[in-house]
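# Pasting the sequence and the predicted coordinates here, then a few questions.
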Amino acid sequence: MYKPSRYIADYSGIKTQVLSALAYYDLFNFPLTKEEVFLFTTVRCELEQVQYCLDDLADHGLIYRLGNYYALKNDDYMVTRRNNGGKKAQELLAIAEKVSSYLIKFPYVRGIAVSGSLSKKYADDKSDIDFFIVTATNRLWIARSLLHVLKKLSFIFKKQDYFCMNYFVDEARAEIVEQNLFTATETVTLIPLQGDLTFEKFYSANTWTRQYLPNHLMRVSCAEPAHKGWIKSITEGLFNNPIGDMLDNWLMRITARSWNKKTQAGRVNQRGVLMSMMATKGYAKPNPVNFQNRIMTFYNEKVERLTKNLEQDIF
């Protein structure tokens, strides 16, 4: 087995983090390459150190090599599933680029990125296109309401899966409020499509992600410059005043009331998750307690079991 040139006397810490990275994606039955394990470890290290730990863990039967992938389960179907999902993701990403080039023309929309499973380069027949939207400061609710009208119209043509706009932030409040491994992973894996300068500022506001994923540096390599057509400019000019302020505040209040009613009624979405949204002046997003906490609970329990197995193997 190859041992990295920069030798660290005790590799148990890195091994724990390697297991933790595999554990997180095991929740989604998603095997990782060695490069991905490196990116999603929560300790600063080098790729060759991760490779050494992967080899050692596999030799001791704590993880499994599946071709170019590593996983906690010895299941070749996960590799087939991921490869097929990668092909489907490429198809949806091509559609997402076309859709984003249209959405960026809406008033007060400054940046658009792909989020969710598609940002991990995975999709299946039930996948939709989740967009992360950055808006102009103090105009989030005008932008969101106009895009919501488009979303409603998409149902007519049965294209609603291409217009899932679930997370909005404005430029002045771009820092993600909840800061944990889940939100760090979702933030660093965003695929910016529109608004290159906007996402450079967004990433600058979210350098906290390095506390959780220090090997994953966020880059805006594929985003196009934000579009500013004459219709968009004229529309924004009409509302860049106190009337626009009042309209944005009013739209926020009525949207929040509508979502509160849905939550109180116990309505769920197509995935069976309770419909609930956090609505403030600077962001509109799903309530994290309905999914985030559940994922992190399962993850922490899995990591605890794996850590015990690793300690037993060492001692």
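Everything's here; your move. Numbers count the residues shown, from 1 in each chain.

# And stretch 82-90, how far out from the chain middle?
Distance, stretch centre to chain centre, for stretch 82-90: 17 Å (C-alpha atoms, centre = their mean, to the nearest Å).

# Tell me the buried residues in that stretch?
Using 16 or more other C-beta atoms under 10 Å as the test for burial, stretch 82-90 gives 82, 85, 88-89. C-beta coordinates here come from the backbone N, C-alpha and C atoms, glycine included.

# Redo the residues you listed as a markdown table? Include secondary structure, distance to Phe28 and pLDDT.
Output for these, formatted as a markdown table (DSSP: H, G, I helix; E, B strand; the rest coil; distance: C-beta to C-beta, whole Å; pLDDT from 0 to 100):
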| residue | secondary structure | distance to Phe28 | pLDDT |
| --- | --- | --- | --- |
| Arg82 | helix | 10 | 95 |
| Gly85 | helix | 10 | 95 |
| Lys88 | helix | 15 | 95 |
| Ala89 | helix | 14 | 95 |
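
# Tyr70 and Ala256, how far apart?
Per C-beta to C-beta, to the nearest Å, Tyr70 is found 44 Å from Ala256.

# ok, which stretches of the stretch 51-200 of the chain are strands?
All strands of the stretch 51-200 of the chain, identified by DSSP state E, counting those that start in this stretch, fall at 64-66, 69-71, 109-115, 130-135, 164-170, 191-194.

# Low-confidence regions, the stretch 1-150 of the chain specifically.
1-11 (pLDDT under 70).

# Please enumerate the helices of it.
Here the stretch 1-150 of the chain has its helices, by DSSP state H, counting those that start in this stretch, at 12-26, 34-39, 47-59, 76-103, 140-154.

# Give me the helices and strands touching the fourth one, please.
Spelled out, it's helix 76-103. The elements that helix 76-103 packs onto, with contact taken as 3 or more C-beta pairs under 8 Å, 6 or more residues apart in numbering; DSSP states H and E, are strand 64-66, strand 69-71, strand 109-115, strand 130-135, strand 191-194.

# who's in contact with Ala96?
Applying C-beta atoms under 8 Å, 6 or more residues apart in numbering to Ala96 gives the contacts 114, 118, 129, 131, 162, 193.

# again with Asp75
Taking C-beta under 8 Å, 6+ apart as the test, what Asp75 contacts is 29, 66.

# how near is Ala123 to Tyr25?
According to C-beta to C-beta, Ala123 and Tyr25 sit 16 Å apart.

# which residues touch the closest residue to Val43 other than its chain neighbours?
Spatial nearest neighbour of Val43, chain neighbours left out: Gln17 (4.7 Å); criterion: C-beta to C-beta, 6 or more residues apart in numbering. Contacts for Gln17 were tallied using C-beta under 8 Å, 6+ apart; they are 41-43, 45.

# Grab the two from these that are most spread out in space.
The two members of the contacts of Gln17 with the most space between them (C-beta to C-beta) are Thr42 and Cys45, at 9.9 Å.

# which of those two has more neighbours?
Using other C-beta atoms under 10 Å, the more surrounded residue of Thr42 and Cys45 is Cys45, with 22 against 18.

# residues contacting the more buried one?
Residues in contact with Cys45 (C-beta under 8 Å, 6+ apart) are 14, 17, 38, 215.

# What is the burial count for the last one?
Applying the criterion other C-beta under 10 Å, we find 20 residues in the vicinity of Asn215.

# now the first one
The burial metric for Ile14, expressed as a neighbour count using other C-beta under 10 Å, is 21.

# List the residues that contact it.
Contacts for Ile14 were tallied using C-beta under 8 Å, 6+ apart; they are 8, 41, 43, 45, 49-50, 53.

# what do you get for the third one?
Residues in contact with Phe38 (C-beta under 8 Å, 6+ apart) are 45-47, 50, 215.

# 6 Å instead?
For Phe38, the contact set (C-beta atoms under 6 Å, 6 or more residues apart in numbering) comprises 47, 50, 215.

# gap between it and Gln49?
Applying C-beta to C-beta, the value for Phe38 to Gln49 is 9 Å.

# circling back to that earlier point, I'd like the strands of the stretch 51-200 of the chain laid out as TSV, including mean neighbour count and distance to Lys232.
Shown next, in TSV, are the strands of the stretch 51-200 of the chain (neighbours: other C-beta atoms under 10 Å; distance: least, C-beta to C-beta, whole Å):
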stretch	mean neighbour count	distance to Lys232
strand 64-66	18	48
strand 69-71	22	44
strand 109-115	26	8
strand 130-135	25	12
strand 164-170	21	16
strand 191-194	25	13
